[in-house]
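Visitor: Take this sequence and fold it.
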Amino acid sequence: MKLAILFSGQGQQFADMGQDLYQALPAYQKTIDAANQELDWDLRITDDWLDDNQRGPVAITAMNMALYQALTPLVGCPTALVGLSLGEYAALMAAGTLSFTDGLKLVADRARYMQRAGLQQPGAMVAALKVTPALVAAACQRASAVGAAYPANYNLADQIVIGGDAAGIKAVTADLHDHGIKRVVPLDVAVASHTPLMASASEALAYRLRYTTVSAPQIPVISNTTVAPFSQATVKETLVKQLITPTHFAACLERLAAYDIDGVVQVGPGHNLAKFAKQTLPNVRVWSIEDVDDWQTFKQDIEEVSERG
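Guide: I've put the predicted structure just below:
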């Protein structure tokens, strides 16, 4: 079976995530233990730091990688990899472009740069549903008269996340409502990722990446920014751009069709990427794994597929 792996980004983390997997899967436990040792942290997500903007991204990345390490002995080498936003770092680690240690430390530094940029220029984001790119672009343009508003995430053909400052987001929300869009949902974030408000974080990341070793990907990783596979030559430049330009996840999923995949697995917290995949790739089998129940379902399904094959 030709599988693509989708790596979760931020926003879907939950208290005690991965603890059942840690107890049940030796490969998962080994990866989390290695991450804790490398960083001298305890990456368990507890209620008191569920929204910790520094450790949270690292914990998500470690969970993504731990699930990937548990998954590959079962399914073999995947055909292609895609990560949403933060999830791209786990994808690049899985592809061998970033080492495990370098990847975790880079994620921690990236989170710090973003947090600092958010304090300098506080941001807000909303998810607009049942929209078109043209409608969102026009609304952002009109809102720019009073504040900052930019398309940030093209998740589906008709679902777009918009980021900006408080005034811009208030204006763009009102504008979309005036144009008949009923669902414009505020997101619980303090930074406007993938917009020019992250310029200072992008600059800091560019400097940090000078001291990071990258290797050629051993598995294709489709970039959210370019909708093309990363190469060793483009990794650093693309990761820098990713902070200040929109993600194109729907287009990345469409690009997977060129790899003739017949299955997609989301690993990490949440199920949103799997939902996007089901809508974008209706003829492909889709799973998501964030807990032991999900793992057992996937394992049983894969064993049945192998028996039929």
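Visitor: Provide a list of residues in contact with Thr280.
Guide: Leu156, Ala250, Leu253, Glu254 (C-beta atoms under 8 Å, 6 or more residues apart in numbering). Glycine gets a C-beta too; all of them are placed from N, C-alpha and C.
Visitor: Would you list the phi and psi of Thr234?
Guide: phi -100, psi -10 (degrees, to the nearest 10).
Visitor: what's the burial count for it?
Guide: Burial of Thr234 is recorded as 16 neighbouring residues (other C-beta atoms under 10 Å).
Visitor: Assign Cys77 to helix, strand or coil.
Guide: Three-state assignment for Cys77 (DSSP: H, G, I helix; E, B strand; the rest coil): coil.
Visitor: Please determine how far it is located from Gln218.
Guide: Cys77 is 8 Å from Gln218, where distance means C-beta to C-beta, to the nearest Å.
Visitor: Repeat that for Asn272.
Guide: Distance from Asn272 to Gln218, by C-beta to C-beta: 27 Å.
Visitor: Check Arg308 too.
Guide: Between Arg308 and Gln218 the computed distance is 29 Å (C-beta to C-beta).
Visitor: quick one: the helices in the stretch 101-250 of the chain?
Guide: In the stretch 101-250 of the chain, the segments counted as helices under DSSP state H, counting those that start in this stretch are 133-143, 166-178, 199-209, 235-242, 249-256.
Visitor: okay, these, which one's buried deepest?
Guide: helix 249-256 (a mean of 22; mean count of other C-beta atoms under 10 Å).
Visitor: Give me the next element, helix or strand, following that one.
Guide: Following helix 249-256 in sequence order, the next helix or strand is strand 263-267 (DSSP states H and E).
Visitor: Next, the angle helix 249-256 makes with that following strand.
Guide: Interaxial angle, strand 263-267 versus helix 249-256 (axes from the mean of the first three to the mean of the last three C-alpha atoms, to 10 degrees): 140 degrees.
Visitor: buried sites along the helix or strand following strand 263-267?
Guide: Next helix or strand after strand 263-267 toward the C-terminus (DSSP H and E): helix 272-280. The neighbour-count check on helix 272-280 (16 or more other C-beta atoms under 10 Å) flags Asn272, Leu273, Ala274, Phe276, Ala277, Lys278, Gln279, Thr280 as buried.
Visitor: Mind putting the residues you listed into a markdown table with distance to Ala117 and pLDDT?
Guide: Below are these laid out as a markdown table (distance: C-beta to C-beta, whole Å; pLDDT from 0 to 100):
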| residue | distance to Ala117 | pLDDT |
| --- | --- | --- |
| Asn272 | 24 | 94 |
| Leu273 | 25 | 96 |
| Ala274 | 30 | 97 |
| Phe276 | 27 | 94 |
| Ala277 | 31 | 95 |
| Lys278 | 34 | 95 |
| Gln279 | 32 | 93 |
| Thr280 | 31 | 93 |
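Visitor: how about those residues in JSON lines, adding distance to Ala66?
Guide: JSON lines is the format used below for those (distance: C-beta to C-beta, whole Å):
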{"residue": "Asn272", "distance to Ala66": "20"}
{"residue": "Leu273", "distance to Ala66": "17"}
{"residue": "Ala274", "distance to Ala66": "18"}
{"residue": "Phe276", "distance to Ala66": "23"}
{"residue": "Ala277", "distance to Ala66": "21"}
{"residue": "Lys278", "distance to Ala66": "24"}
{"residue": "Gln279", "distance to Ala66": "28"}
{"residue": "Thr280", "distance to Ala66": "26"}
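Visitor: quick one: which of the residues you listed is nearest Ala91?
Guide: The closest of the buried residues of helix 272-280 to Ala91 turns out to be Leu273 (C-beta to C-beta; 11.6 Å).
Visitor: returning to what we had before: which stretch among the helices of the stretch 101-250 of the chain approaches Ala4 most closely?
Guide: Of the helices of the stretch 101-250 of the chain, nearest to Ala4 by C-beta to C-beta is helix 249-256, at 5.1 Å.
Visitor: Just the angle for that closest one relative to helix 272-280, thanks.
Guide: 60 degrees.
Visitor: before we move on, the earlier item: which residue of Arg308 and Gln218 possesses the greater neighbour count?
Guide: For Arg308 versus Gln218, neighbours defined as other C-beta under 10 Å are more numerous around Gln218 (11 against 6).
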